[in-house]
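In: need a structure here:
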Amino acid sequence: MGDGRLRRLPLVALLSLLLMGALAGCSQVQIENRPLDASNALAPEASSLLSAHDLTVLAIDFDPPLETVKAFADLKNVSLLVAVENTGRETERGVTVRVELRADNRDLTPALSRTATIETLSPGEVKIVRLIGLSDIPVRSEYWLKVRAFPVAGEDDVTDNQRIYRVQLGNIAK
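Out: Model prediction:
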């Protein structure tokens, strides 16, 4: 059990279960990972080694859960929670997390963006970033949410630094 990845497995499983449970209401969320440039990705055998610098976006959640939101005006009370883990061997400082919301995944300019900074993130540590102010968006039933932890100096494998979510809000009244 000297491998830190084995100790993190229950946490990742727990976060995944919480995310699925929280989002399994009237709102539908589909997770879609955007492929990155192949020149930035490592071979699977190289990425299985514990790197000195490596960040991972684990999951997102909404507080309160989206199924409790009945109108777009209520989105002002909703926070987006982003779980970021340091899967490397070194403590990271000044980790930037950026969230962009788009009406269409092909839009070049996001309808809304929020940025937060994690001051320090120790090896194996997971921190939750809370982003508020989600109500300043155009009224639509579907959005694309891109969540990204910016690569830190010396990070080679950035394939797990971002996730893209398609969020469908069919239960919210306009």
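In: State the distance from Glu125 to Leu75.
Out: 30 Å (Cβ to Cβ, to the nearest Å). C-beta: built from backbone N, CA, C; applies to glycine.
In: neighbour count winner among these two?
Out: Neighbour count, other Cβ atoms under 10 Å: between Glu125 and Leu75, Leu75 has more, with 18 against 15.
In: Doesn't that one lie inside a strand?
Out: No - using DSSP: H, G, I helix; E, B strand; the rest coil, the assignment for Leu75 is helix, not a strand.
In: Next one, pLDDT for it please.
Out: We have a pLDDT of 78 for Leu75.
In: now do Val99
Out: 94.
In: There's contact between it and Arg114 in this structure, I believe.
Out: Yes - the pair formed by Val99 and Arg114 meets the contact definition of Cβ atoms under 8 Å, at 4.9 Å.
In: what touches both of those two?
Out: 80, 131 (Cβ atoms under 8 Å, 6 or more residues apart in numbering).
In: What distance do you get for Arg106 to Asn77?
Out: 30 Å.
In: quick one: the strands in this protein?
Out: 28-32, 55-63, 79-86, 92-102, 112-121, 126-131, 142-149, 162-168 (DSSP state E).
In: ranking those by mean pLDDT, which is last?
Out: strand 28-32 has the lowest average pLDDT among the strands of the chain, namely a mean of 39.
In: And for Glu155, the neighbour number?
Out: 19.
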